[in-house]
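A.B. asks: Whatever this is, show me its structure:
(4 chains, ligands or ions: 6)
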Amino acid sequence: MTALGDALTKADFQSDQETRWCPGCGDYAILSAVQGFLPELGIPPERIVFMTGIGCAGRFAYYMDTYGMHGIHGRAPALATGLATTRADLSIWVVTGDGDALSIGGNHLIHALRRNVPVKILLFNNQIYGLTKGQASPTSERGKITKSTPFGSHDRPFDPLALALGAEATFVARTLDTDRQHLPEVLRAAAAHAGAAFVEIYQNCPVFNDGAFDVLRDRAQGAANRIPLVHGAPIRFGAGLERGVVREADGDLRIVDVADAGEDALLVHDAHREDPSLAFALARLAERPTGPTPIGVFRAVERPLHGAAATRDRERTVADTAALDALLHAGDTWTVA
Amino acid sequence: MTALGDALTKADFQSDQETRWCPGCGDYAILSAVQGFLPELGIPPERIVFMTGIGCAGRFAYYMDTYGMHGIHGRAPALATGLATTRADLSIWVVTGDGDALSIGGNHLIHALRRNVPVKILLFNNQIYGLTKGQASPTSERGKITKSTPFGSHDRPFDPLALALGAEATFVARTLDTDRQHLPEVLRAAAAHAGAAFVEIYQNCPVFNDGAFDVLRDRAQGAANRIPLVHGAPIRFGAGLERGVVREADGDLRIVDVADAGEDALLVHDAHREDPSLAFALARLAERPTGPTPIGVFRAVERPLHGAAATRDRERTVADTAALDALLHAGDTWTVA
Amino acid sequence: MGKTVEQRERVVVRFAGDSGDGMQLVGGRFTDATALLGNDLATLPDFPAEIRAPAGTIPGVSAFQIHFASRDILTPGDTPNVLVAMNPAALKANLATLERGATIIANEDAFTRRNLERAGYASNPLEDDALADFRVHRVPMTTLTTRAAEGLEGVGTRDAARAKNLFALGLLSWLYGRPTDGTERWIEAKFARRPAARDANLAAFRAGWSFGETTELLEVQYRVDPATDVAPGTYRQVNGTTATALGLIAASVRSGLPLLLASYPITPASELLHELSRHEGAGVRTVQAEDEIAAVGMALGAAYGGHLGVTATSGPGMDLKAETIGLAAMLELPLVVIDVQRAGPSTGMPTKTEQSDLLMALHGRHGESPLPVLAAATPGDCFETAFEAARLAIEHRTPVILLSDGFLSNSSEPWRIPDATALPAIDPAFATAPSNGTPFLPYARDARGVRPWAPPGTPGLQHRIGGLEKQDGSGAISYDPANHATMTRLRAQRIAAIARELPPLELDADDGAELLVLGWGSSYGAIRAAVRRVRDRGVPVARAHLRHLEPLPPNVGDVLRAFPRVLVPELNTGQLAYLLRARFLVDVRSHAKVSGQPLFAAELETAILEALA
Amino acid sequence: MGKTVEQRERVVVRFAGDSGDGMQLVGGRFTDATALLGNDLATLPDFPAEIRAPAGTIPGVSAFQIHFASRDILTPGDTPNVLVAMNPAALKANLATLERGATIIANEDAFTRRNLERAGYASNPLEDDALADFRVHRVPMTTLTTRAAEGLEGVGTRDAARAKNLFALGLLSWLYGRPTDGTERWIEAKFARRPAARDANLAAFRAGWSFGETTELLEVQYRVDPATDVAPGTYRQVNGTTATALGLIAASVRSGLPLLLASYPITPASELLHELSRHEGAGVRTVQAEDEIAAVGMALGAAYGGHLGVTATSGPGMDLKAETIGLAAMLELPLVVIDVQRAGPSTGMPTKTEQSDLLMALHGRHGESPLPVLAAATPGDCFETAFEAARLAIEHRTPVILLSDGFLSNSSEPWRIPDATALPAIDPAFATAPSNGTPFLPYARDARGVRPWAPPGTPGLQHRIGGLEKQDGSGAISYDPANHATMTRLRAQRIAAIARELPPLELDADDGAELLVLGWGSSYGAIRAAVRRVRDRGVPVARAHLRHLEPLPPNVGDVLRAFPRVLVPELNTGQLAYLLRARFLVDVRSHAKVSGQPLFAAELETAILEALA
Ligand SMILES: Cc1ncc(C[n+]2csc(CCOP(=O)(O)OP(=O)(O)O)c2C)c(N)n1
Ligand SMILES: Cc1ncc(C[n+]2csc(CCOP(=O)(O)OP(=O)(O)O)c2C)c(N)n1
Ligand code: SF4
Ligand code: SF4
Ligand SMILES: [Mg+2]
Ligand SMILES: [Mg+2]
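C.D. replies: Residues are numbered from 1 along each chain as shown, chains lettered A, B, ... in the order given. Ligands and ions are numbered 1, 2, ... in the order given. Below is the predicted model:
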């Protein structure tokens, strides 16, 4: 327990459970970043809840010294909706994997986003099923050879951000497990967002899908391939910011050399647009994280929260016995002596 | 049974079951249009299958003199995927409602679209739960008063087309129950599409949500509000084609008077673009069918079909006993005399 | 007018017409008037699954039956004394349920050639001798209704004709001397915003009444005196849905826990969602979830947060909730799951009743995950049973399944309103931080085997729970074989231990009874009525009814073994019988009925007599 | 070298190490070599649910046990004769399972202070007297392995050290005289593309062998002769997963129906998806569905299309499939649902075994929806049971639930390969268009109560089916009460009628046996072994094993009643016992074990003797 008034530290969020991920798993970096970031919010650990699904990512709840529920596969958004609908005083975080969120849990994810339930959803996307030892996930690339697809996966993967935008998400972002600066920044933005925040975190699984994000994670390649999205700023990237994104005459977005196109031609990022079409187009700029790929907050707009309009009182007030009595006697009654 | 060589007629697709929808229900018009259109395909009724979910729309299967399965709520896309994966010789149609497809069945819908399963999905969107007598659906507008939302629905609705596009749909279209010309046109395009075709049909429910689409269905208002999308043609509409759609400098789509903007400024519809962003932006042009609203084929692109790459043989060939014998003896064996 | 007035102890009236004819409406109003008059009563609506099947056809028939009497009523009645048939299909669909000599009041205007064909009649039964065994009154209801509305402002002929159900209501109100003023006020309130409709309906109602008063067709008016064998108190009418909703709200008030109902619509359980959503504020929240899995997940999420989490559904939805119910059992959190059973399997017959989900409630989850199962006996009893389900869930930190059914949820009866202050308090006993600095043990148990409930927000009690097996006490993940055996045992024991709190099964036995009739759920009324009939014949018999199916009250074995024969009537193929046989090795005989209809007293009477033969 | 060679009839070896140590790999290879030698054998892998728990800790221990003998083997053995412990945690986790005098071969290099701490040892058990009761061999495996690899091209010290499991394999191969050539070929094939790894592993393997041959530590080499009481035939090793896959493929071949397996990954059922997905072509297709609901839906969709539709899952996935299984029961279409049971409830202990889904398989759906339930007894028996499940599904148009479990799916045994041509043909008997122009009746039944199967594509048989109750014969939607009663009865009867086709329950009874031990599923081996032990003591006893749980073979009641006492051992709280009590009113006694472990012969032996006392 933290004494009131004391500044919180990372240690306040570390549980006594031994972490049980494989050595080198990207989940460690994310855990550390989250634990390091949370003190900033100034919310005492007892008012923070982590709800997770099943998967390697799902173990996250055990390692946080907050309230935590390790739910069942794919259902964390539903569990969290119930909690968020009734407990506006809590800061609720969902941690999920690409299989958990997008395969079995797809329906709850899109509905939680549509409803704008006040929860932060962190999707650890390693493009594979980790816990069940290496089957294809809905984000695995076509042709991927896995235990369940020995001749190559033959279905087109989802783009989680495009799916979220199609589902009316009000906050959509992407970041990287090992980016110690960018990851907390995105978490900060997500925490600041009042409604449902959807954050895709590219996460390396060294055991079953090593190197899937090397193009972005590597020190060298990363600089050349990460396209940081900053609200209000022209979209440019590269070690010397020598490349950028423009909107072509036909409406398509394209990556250009700034030198060729000119600085003024660069698209200025606007995360607050009502219309999600620009965010959608940005999500589509890179179909797979195998080349230049936008990271950051794609969209962040205000919308009514789920539950806010539904309930006349946000407090945990219950009718008293007199009100109950009135309710019991409502309508036509008669008395037998 | 239809004799081979005989031209098929509408009557060949009418089952002997009495239709049991409410008088004036939009489902009648759709049924009639589908039965009227199917002979065109020249596919004998025994090679056509209608698989439906539960809801008023789900009753559709009973009225078609084809093979039909009235499944369970929300699962028709999954049932159809199993059939399509194994029976490439059939023409498979899924009929579903807004609750069936987008509420309980959301996950199967998005995955069937992602996988590009060769089925045609017709979503009868009446923005209400018909069969269960009038609860809100995921397409009901915010504030709608229904049996389950006596103080008004407080969640933002889905845009079915945006959701489908976010889910990698290769064919996305919208049409109207009572448009006797446009509806068959869209069905024709859907039938011609090799992969998963997703068709939203605005359908009036006179009992629980009457008039939801009057703005588009009315003879008078309809002409002013339907924006027909035609591949390769500039997007314009209105009784005298006096209005049109342009792409503004900031990338947004906007409705303009052709007289002001000039014909050349009009956006030319391109349903075959690889990038779904334009189709997405068009889906967003009208958030609700309460004003000018695009109808027609938003997107139609070719992609590998689910199952096609997975299976080495598309025929129903089974190993013979010799092959089985070899399989049984695979690996190390030893013999005891 | 000086018509003869005859007294009747009990009457069963059935209103039947097309789905669009408003039979449920007039049935409901007739019931209200009857309740206010102080008769005991029971009702049974019976309508098709289609919103509106083709007009005039048999599948499109919608009916409402009411049984009212001046003595204690137990069922909506097996066979109607009076059938109101608004069209040929309504007549045909219900004729088989009538006994010889019953009264039929037919809207003769609707017996057109077209309607006769639709109903599958070759000739008009009002004109041939098909109804020779009945007392038939042909009333041109449509014509009389239209005529009554003539000249009313803004009322067209079609609108007027639509009010013919109110004509029927007026006529039946006269026939049984139901007061008119309440009904007139009700019409006025109902159509307050549509004056033309109000006037047409009022005119139709009065016309129906006057028709009875004046016409020579009907010679006798009946009187059914207020019930006298009724306990003193204030009464209202409730159906099972309303009573369940009130029971849950009462549990919320008495526990101080706000109520969240998360549900996905499904017939007949949707009604509870509709009902509770009207009570927002007062600590009640409702969410229409995206599906049944989400619904139970939301309810469990709310329970985790310290609320009373409830979800309600019917058969197919129960299948989908199984995994989350298992999680709740593992988490040992309170959760109320209501299954309003309907006729299965699969989609089955959604608007028909059945009791075929009992074994699913007990065993319908993977692994060993015992939990309490309760069933309500009557519409009014839904209040107490829902309250009890919530109490057990909260105080014992366990998911509880409450079995209701389509019959209970739709039918209504007079209900003595309980004293709100006299309802027992429910103690959520939230955990507080251990003062001595010892670590919080989320799976430490009290004497009853109950673990602490520490909703988020409580300082110092941060902890993690989940669906993996956990170490006894600490709740940490454990794969230790001995611990798994222990936890499996503890989970079973803590549910079994609830039996100690339960009142013993009450026995209603005659001296020398050779047979025990043991029932559960909504067949309560029919069983009591059948037993009464058997007793009226002078045959001794015993009767008991289970509210708690898991755990069973502690004396069930003794009760069973006290009788040479045991008959268990159920609307399934013998599920309770199976359970009792397995538990007590008693050769229980099953009276199984699976037709989508409630149990009828007459058929059970026969079964009891046969079992005694 | 002239070491003593002693003969042993049976040996149990347990390889235990860290999850990363490759214990499953060497265990599997040791098994293959043993099988080829002609010993009878049974194996049991035992690994943690985490992909890789922290190195060196108890939760991270992964073990593989093999029991091999020159006589008929029934179980993987209760207690190992030899424990290979690659680190302190492996020693600690397994010590309790050893009997006095057992041999421990420990990798002494791994007994560092750090590892001792991680395992929770205060002092080194190799050095204090903790292991006084055992014969302990301390072998510096890591050092010897590294040394063996010295000078090999491209092999670093760390790579070399990784091969220490092969050193252990070499040593054990020497100890029990397992041939080396097969293993060397296997290493070469396995590492064909990584020459450095190949060389390091080969060197380690040979070093292990030579260590045994030369060192004075080990004085005795053992010989376990080929099993002699083995039926003639060609054998291979199979685990339950492979046997199930082969059984399904065989059913596909013998029915001529292509096979679709649609599954969603879940431990331990995923293995079947992996296995079958390798057999694409040959009429096998697999789909990794988006969830379990979709998986069973796809399988049912394929079945509707005339294929053999199969879905496989474990506990939590079964919950989710319930609604669609109910639909299949209503549609009366073939469907095979495989439940590889694991320890529940909820997520439970995913890698541990249990038999706690039996009552769910029977009752885990709303409404009355009976269907056949089968369970496999041994890894090899999975072949026959899967074949039988598919046969029943196809020929009787019904969903069938096949119960396997984690133990069966992972453990392996020698299996006599059946003659493919001798397998019975399965007749799908697809409907053909009625020639005389009479309408097609999709719910007309043959003498067995089976309806026609008319997949789309058949001209003239267009018809519609669905989950609503249907008219007997025509299959049209029907809400008729009498028809619902009829259909409910017919659905029950057609499943019950399958019993007529079943072979009677086989009884293995001694003269004068007072006790019947009746089992089901994977405890077959342990039950046989326990019964053998009891018999070895001269105590007569009877034994029988159920493959068909629903319907039961027709003689079960007679068999039960033939013995004064019946003991039912199960890895649950007594589910079969409950079922038998309900059906036959026999006071069946339950031996219940719910620890996530398989049944052990020794504990059951005790239970049998107690039951007889
Ligand atoms: C109902 C159910 N189905 C299947 C599983 C098995 N399962 C556990 S985690 C998982 C997927 C893990 O993949 P992902 O969500 O990507 O998480 P990761 O392990 O990669 O972090 C599956 C299929 C389960 N626990 N429950
Ligand atoms: C598992 C399950 N849950 C709920 C239902 C009840 N139900 C039947 S149809 C339906 C929704 C109907 O709405 P929609 O899909 O929009 O179809 P419509 O009736 O409007 O055509 C629901 C909730 C069901 N049959 N099965
Ligand atoms: S399997 Fe992959 S995702 Fe899971 S813990 Fe190991 S490295 Fe991380
Ligand atoms: S309720 Fe609505 S959608 Fe359903 S049949 Fe009636 S009009 Fe059509
Ligand atoms: Mg993953
Ligand atoms: Mg709808």
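A.B. asks: Output stretch A:249-261 in PDB with nothing but the alpha carbons.
C.D. replies: What follows is stretch A:249-261, C-alpha atoms only, in PDB (Å, rounded to 0.1, in the frame of the first residue of the first chain):
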ATOM      1  CA  ALA A 249      -3.800  14.300 -56.700                       C
ATOM      2  CA  ASP A 250      -5.800  11.100 -56.900                       C
ATOM      3  CA  GLY A 251      -6.200  11.200 -53.100                       C
ATOM      4  CA  ASP A 252      -3.800   8.400 -52.300                       C
ATOM      5  CA  LEU A 253      -1.100   8.800 -49.700                       C
ATOM      6  CA  ARG A 254       2.500   8.300 -50.900                       C
ATOM      7  CA  ILE A 255       6.000   8.300 -49.400                       C
ATOM      8  CA  VAL A 256       8.300  10.800 -51.100                       C
ATOM      9  CA  ASP A 257      11.700  12.300 -50.700                       C
ATOM     10  CA  VAL A 258      11.200  15.700 -49.000                       C
ATOM     11  CA  ALA A 259      13.900  17.100 -51.300                       C
ATOM     12  CA  ASP A 260      11.800  16.200 -54.400                       C
ATOM     13  CA  ALA A 261       8.300  17.000 -53.100                       C
END
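A.B. asks: mind listing the helices for the stretch 1-150 of chain A?
C.D. replies: Per DSSP state H, counting those that start in this stretch, the stretch 1-150 of chain A carries helices over the ranges A:26-37, A:76-86, A:98-99, A:106-115.
A.B. asks: Could you dump the ones you listed into CSV with mean neighbour count and distance to chain D added?
C.D. replies: Heads up, the C-betas are built off the backbone N, CA and C, glycines and all. Shown next, in CSV, are those (neighbours: other C-beta atoms under 10 Å in any protein chain shown; distance: least, C-beta to the nearest C-beta, whole Å):
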stretch, mean neighbour count, distance to chain D
helix A:26-37, 21, 11
helix A:76-86, 32, 13
helix A:98-99, 30, 8
helix A:106-115, 28, 7
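A.B. asks: Test my guess that residue C:45 contacts residue C:411.
C.D. replies: Yes: using C-beta atoms under 8 Å, residue C:45 is in contact with residue C:411, at 7.0 Å.
A.B. asks: Compare those two (neighbour count), which wins?
C.D. replies: Neighbour comparison, residue C:45 and residue C:411: the larger count goes to residue C:411, with 28 against 25 (by other C-beta atoms under 10 Å in any protein chain shown).
A.B. asks: Next one: that one from residue D:484, what distance?
C.D. replies: 19 Å (C-beta to C-beta, to the nearest Å).
A.B. asks: picking up where we left off before, which among the helices of the stretch 1-150 of chain A is found nearest to residue D:513?
C.D. replies: Closest to residue D:513 of the helices of the stretch 1-150 of chain A, according to C-beta to C-beta: helix A:98-99, at 52.0 Å.
A.B. asks: how about the closest one against ligand 1, any contact?
C.D. replies: Yes: judged by C-beta under 6 Å from any ligand atom, helix A:98-99 and ligand 1 are in contact via A:98-99.
A.B. asks: can you give me how far that helix is from the chain middle?
C.D. replies: 12 Å (C-alpha atoms, centre = their mean, to the nearest Å).
A.B. asks: repeat for stretch C:355-374
C.D. replies: 20 Å.
A.B. asks: Quick one: check it for contact with chain D.
C.D. replies: Yes: among the residues of stretch C:355-374, C:356-357, C:359-360, C:362-369 lie within reach of chain D under C-beta under 8 Å from any C-beta of the partner chain.
A.B. asks: Which ones among those map onto helices?
C.D. replies: Under the assignment DSSP state H, these contribute C:359-360, C:362-363 to helices.
A.B. asks: Check for me that residue C:451 belongs to a helix.
C.D. replies: No: per DSSP: H, G, I helix; E, B strand; the rest coil, residue C:451 lies outside any helix segment and is coil.
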